[in-house]
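*Asks:* No sequence on hand, only this structure:
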């Protein structure tokens, strides 16, 4: 459980933010198990006692750092409503690019959360929440395309989004975490072609160029 500061001052907010920032840096550099509270306090330039004003344990700090990283991925991977409204292929391309970049910025923490999820249910829920956002976006997008007559009407929107989203997620892991060599633009191009062809996307500049 996180112990909230009872003094909502600007200084208190800055101190808490400094602890979160220091914790994230330490976890990303050394991994969860190797980080000590003293390490975090040293980076944030606060005392041990100050740490416990805001968090009651390293686990509580990690939980909030992880939740913040997931929130960043939500925000960073969202394709704005104004982005290529008349070109679904371009929107899929933009979504894939943003997802890969969001993963690149947060992959180490996400992997730590996955490891923590094997022993703590709350981290499993956090991962499900992260995936659900991407699945829901993909399903809603496919349903709109089906209604417009631009995608295969026989596909189940949610199941298709789960499968194609899994393809993108797995590639991100292999590329960014396991070292598969690929240029970002080439990777985005291939993911987008595969996604568009899988849903039978028609009537867009991208699909026509690829002969879909």
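*Replies:* The structure has been received and is ready for your questions. Here the structure is a predicted model, which is why all the values come from computation and not from measurement. Residues are numbered from 1 along each chain as shown.

*Asks:* can you pull out the strands in the protein?
*Replies:* Under the criterion DSSP state E, the chain contains no strands.

*Asks:* What residues of the longest helix that it contains count as buried?
*Replies:* With secondary structure taken from DSSP state H, the chain has its longest helix at helix 88-117. For helix 88-117, a neighbour-count test (16 or more other CB atoms under 10 Å) marks 88-103, 106-110, 112-113, 116-117 as buried. Using the backbone N, CA and C atoms, a C-beta is placed for each residue, glycine as well.

*Asks:* and it, how far out from the chain's middle?
*Replies:* On the basis of CA atoms, centre = their mean, to the nearest Å, the separation between the geometric centre of helix 88-117 and that of its chain is 4 Å.

*Asks:* and what of stretch 149-156?
*Replies:* With CA atoms, centre = their mean as the basis, stretch 149-156 stands 27 Å off its chain's centre.

*Asks:* same deal with stretch 51-63?
*Replies:* 23 Å.

*Asks:* Equivalent analysis for stretch 148-156, please.
*Replies:* Using CA atoms, centre = their mean, the distance from the centre of stretch 148-156 to the centre of the chain it belongs to is 27 Å.

*Asks:* what is the mean pLDDT for it?
*Replies:* Within the predicted structure, the mean pLDDT of stretch 148-156 is 96.

*Asks:* how long is that stretch end to end?
*Replies:* 15 Å (CA to CA, to the nearest Å).

*Asks:* related to what we said a few turns ago, list the helices and strands the longest helix of the chain packs on?
*Replies:* Using 3 or more CB pairs under 8 Å, 6 or more residues apart in numbering; DSSP states H and E as the contact criterion, the elements in contact with helix 88-117 are helix 10-30, helix 58-76, helix 121-147, helix 157-172, helix 184-198, helix 205-210.

*Asks:* could you give the angle of it to helix 121-147?
*Replies:* When axes from the mean of the first three to the mean of the last three CA atoms, to 10 degrees is applied, the directions of helix 88-117 and helix 121-147 differ by 160 degrees.

*Asks:* Which per-residue confidence value corresponds to the nearest residue to residue 155 once chain neighbours are set aside?
*Replies:* Of all residues beyond its chain neighbours, the one nearest residue 155 is residue 199 (6.2 Å), with distances taken as CB to CB, 6 or more residues apart in numbering. On the pLDDT scale, residue 199 is placed at 97.

*Asks:* Then residue 114?
*Replies:* As summarised for this prediction, residue 114 has a pLDDT of 86.

*Asks:* I'd guessed it sits against residue 127; true?
*Replies:* Yes: here residue 114 reaches residue 127: they are 6.3 Å apart, a contact under CB atoms under 8 Å.
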